[in-house]
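S.K.: Got a predicted model here, sequence first, then my questions.
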Amino acid sequence: MEEQDVIKSLAALAQAVRLRVFRALVVAGFDGLTPSALSEQLAVPATSLSFHLKELMHAGLVSQERDGRHLIYRASFEHMNGLLHYLTEHCCQGQACSPTDTTASHTRGCTTC
């Protein structure tokens, strides 16, 4: 994933409604959701939702498919995983990041997390 794609994705997610929409689509999985279902579930007006979906699509985080008269929106899991991979690619200098001891004053494992 290119740095500009990462910036575009993070910028799209740096807005409360878009973050909520994206998370709802992740939960919905491959089935996706219609705009009316998203609007109802998130209590977001349809006109506002349309704008946010367009921004998420522009960032590559969401795809749209027509199913008869309905539009189905889905999270782009491939893009999401690419973004996560980019962000964590060099995490902890290649060492495992899960701490082995989680006491309040001392954690072992990842020294940078």
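M.R.: Nice, I can see it.
S.K.: From here on, just use CA atoms for contacts and neighbour counts.
M.R.: Will do.
S.K.: what sits up against whichever strand or helix holds Arg18?
M.R.: Using DSSP states H and E, Arg18 maps to helix 16-28. For helix 16-28, contacts defined as Cα atoms under 8 Å, 6 or more residues apart in numbering pick out 12-13, 32-33, 38, 42, 44, 52-53, 56, 61-62, 73-75, 77.
S.K.: which parts of it are buried?
M.R.: Neighbour counts over helix 16-28 (16 or more other Cα atoms under 10 Å) mark Val17, Arg18, Leu19, Val21, Phe22, Ala24, Leu25, Val26 as buried.
S.K.: Any idea how many residues pack against Gly60?
M.R.: 20 (other Cα atoms under 10 Å).
S.K.: Would you mind giving both backbone torsions of it?
M.R.: phi 80, psi 10 (degrees, to the nearest 10).
S.K.: Could you do Gly68 as well?
M.R.: Per degrees, to the nearest 10, the backbone of Gly68 is at phi 70, psi -120.
S.K.: Do you know the pLDDT at it?
M.R.: Gly68 is assigned 92 on the pLDDT scale.
S.K.: Could you check how far it is from Met57?
M.R.: Remark: distance between Gly68 and Met57 (Cα to Cα, to the nearest Å) = 20 Å.
S.K.: likewise Phe51?
M.R.: Phe51 is 10 Å from Met57, by Cα to Cα.
S.K.: Likewise for Glu40?
M.R.: For Glu40, the distance to Met57 equals 20 Å [Cα to Cα].
S.K.: And Gly68 and Met57? Which one has more around it.
M.R.: Neighbours were counted for Gly68 and for Met57 using other Cα under 10 Å; Met57 has more, 19 against 7.
S.K.: Assign Ile72 to helix, strand or coil.
M.R.: strand (DSSP: H, G, I helix; E, B strand; the rest coil).
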